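*Asks:* Any chance you could fold what I've pasted below:
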Amino acid sequence: GFNAGSAVAANGQAAWALLTTHLSASVSGFTWMCVEWYYKKKPSVLGIVSGAVMGLVMITPGAGYVDQTGAFFTGLIGGVLGY
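*Replies:* Take a look at the predicted model:
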């Protein structure tokens, strides 16, 4: 992916960037779904995908430098703020 390829090598930092990117996108999509479910009483696929994209946007600057906890909270904040 974009974030893992930015390391310009197949090393630990690239793997870490890939992990944090996927984690942030997943958590953000799930968070968006939960918030949408709370307010509209019905989640949508478009909302889940929008949340996942928001998670990708939020994690990109620090993908190779944050740990899994940081990626989780980045996704959590992105899902709420994006909604």
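*Asks:* Going by C-alpha atoms from here, please, whenever you check contacts or count neighbours.
*Replies:* Fine.
*Asks:* and stretch 67-83, which residues are buried?
*Replies:* 68, 70-80, 82 (16 or more other Cα atoms under 10 Å).
*Asks:* Tabulate those in TSV, adding columns for pLDDT and distance to residue 18.
*Replies:* Output for these, formatted as TSV (pLDDT from 0 to 100; distance: Cα to Cα, whole Å):
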residue	pLDDT	distance to residue 18
68	94	11
70	95	14
71	96	11
72	97	13
73	97	16
74	96	15
75	96	14
76	97	18
77	97	19
78	95	18
79	95	19
80	96	22
82	92	22
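*Asks:* Show only the entries of those residues found in helices.
*Replies:* Judged by DSSP state H, helices contain the following of those: 68, 70-80, 82.
*Asks:* Quick check: mean pLDDT of the top helix by length along the chain?
*Replies:* For the chain, the helix with the greatest residue count under DSSP H is helix 12-40. If you average the pLDDT over helix 12-40, you get 94.
*Asks:* angle of that helix against helix 68-82?
*Replies:* Here helix 12-40 runs at an angle of 40 degrees relative to helix 68-82 (axes from the mean of the first three to the mean of the last three Cα atoms, to 10 degrees).
*Asks:* how many neighbours does residue 13 have?
*Replies:* The number of residues packed near residue 13 is 18, by other Cα atoms under 10 Å.
*Asks:* Look up how far residue 65 lies from it.
*Replies:* 8 Å (Cα to Cα, to the nearest Å).
*Asks:* before we move on, back to that, please identify which of the ones in helices among the buried residues of stretch 67-83 is nearest to residue 43.
*Replies:* For those, the minimum distance to residue 43 (Cα to Cα) is 13.3 Å, reached by residue 79.
*Asks:* Residue 35: neighbour count?
*Replies:* Residue 35 has 17 neighbouring residues, counting by other Cα under 10 Å.
*Asks:* Residue 83 is in contact with that one, correct?
*Replies:* Yes: assessed by Cα atoms under 8 Å, residue 35 is found in contact with residue 83 at 7.4 Å.
*Asks:* so what's the residue nearest to residue 34 when sequence neighbours are not counted scoring on pLDDT?
*Replies:* Using Cα to Cα, 6 or more residues apart in numbering and skipping residues adjacent in sequence, the residue nearest residue 34 is residue 43, 7.4 Å away. Note for residue 43: predicted pLDDT of 96.
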